[in-house]
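Visitor: Provide a 3D model corresponding to the input given below.
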Amino acid sequence: MGRDAYSIDEYTQLNAIIRKGGDRIPICFCIDVSRSMQFLTNPMNELIVTGQGHEDGSNTNIVEIRPGYVAHTRIEELKRVLGKMIQEMKMSPILSQAAIIDVIVFGQFADFLIGPVGCHDFNNQSIERISVDAVDGGTQTAMGIEMALEKIDFLISAIEEAGTASYLPVLILMSDGDPTDIEASKIAAQKLQRRSAENKLNVIPIAIGRDTAWMRSLSHTNKI
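Guide: Below you'll find the predicted structure:
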């Protein structure tokens with residue numbers, strides 16, 4: 001189950017980042033690691049419907065990879081996009097110095113995986129720690145969102161207590177857009193929409209997969 005507070009080591013790490021001086025921007029990645037993230041992203045021309053083997057992400061076909069092609073999954077695509085985003089942040093004069101990053105993962109449960117770390121301390125080894133749930137326990141998206149908001153609020157509070165200015169916080173949700181906790185996710189989505197509309201949070205939903213409708217609803221601007 002996810003944690004609801006920072007450990008002493010994590011709090012010490014956060015203070016060390018803040019003491020370096022300068023304005024800060026809290027950024028929380030909220031990442032889907034449910035079993036559906038193991039579905040393939042290959043186009044159908046690279047697949048053979050066999051009734052056994054890999055799931056193709058449509059929830060209807062069981063397929064094998066055609067000879068000469070390599071299997072690609074949603075979680076691999078997610079990691080690729082995440083790595084590119086982190087690299088771009090490191091190249092940004094502002095984000096490279098100001099970003100304080102947390103990573104929340106959610107599937108059957110939600111957990112605090114990485115952070116708080118400065119932008120330059122987020123490396124490929126950190127990304128490789130992200131893995132899909134071993135069992136199919138559903139996609140508890142609301143748990144992930146609630147924990148992400150909690151961590152963002154903690155970062156904001158710590159930054160304010162240190163007398164340091166804070167940019168608008170960012171929550172980046174990366175998911176295939178298929179929550180199984182439907183009612184709880186609706187409530188969590190409303191919280192994101194409200195904070196976004198009040199200009200208290202920048203919500204960036206990134207859809208990995210085919211279902212983008214729910215993801216588009218998360219920001220009041222309805223953009224991905």
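Visitor: Poorly predicted segments of the chain, please.
Guide: Low-confidence segments of the chain, defined by pLDDT under 70, are located at 1-13, 15-21, 51-61, 210-212, 219-224.
Visitor: Would you mind putting the CA coordinates of the helix ranked longest in it into CSV?
Guide: When the chain is scanned for its longest helix (criterion: DSSP state H), the result is helix 141-161. Listed in CSV are the C-alpha atoms of helix 141-161, where the atom choice follows Å, rounded to 0.1, in the frame of the first residue of the first chain:
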residue,chain,number,x,y,z
THR,A,141,-6.3,5.6,-10.6
ALA,A,142,-7.9,7.6,-7.8
MET,A,143,-5.3,6.3,-5.3
GLY,A,144,-2.5,7.5,-7.5
ILE,A,145,-4.0,10.9,-8.0
GLU,A,146,-4.7,11.4,-4.3
MET,A,147,-1.2,10.4,-3.4
ALA,A,148,0.3,12.7,-6.1
LEU,A,149,-1.8,15.7,-4.8
GLU,A,150,-0.6,14.9,-1.3
LYS,A,151,3.0,14.9,-2.3
ILE,A,152,2.6,18.1,-4.3
ASP,A,153,1.0,19.8,-1.3
PHE,A,154,3.8,18.6,1.0
LEU,A,155,6.4,20.1,-1.4
ILE,A,156,4.6,23.4,-1.6
SER,A,157,4.4,23.6,2.2
ALA,A,158,8.1,22.7,2.6
ILE,A,159,9.2,25.3,0.0
GLU,A,160,7.1,28.0,1.6
GLU,A,161,8.5,27.2,5.1
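Visitor: Can you point out the buried residues in that helix?
Guide: The neighbour-count check on helix 141-161 (16 or more other Cβ atoms under 10 Å) flags 141-152, 154-156, 158-159 as buried. Glycine gets a C-beta too; all of them are placed from N, C-alpha and C.
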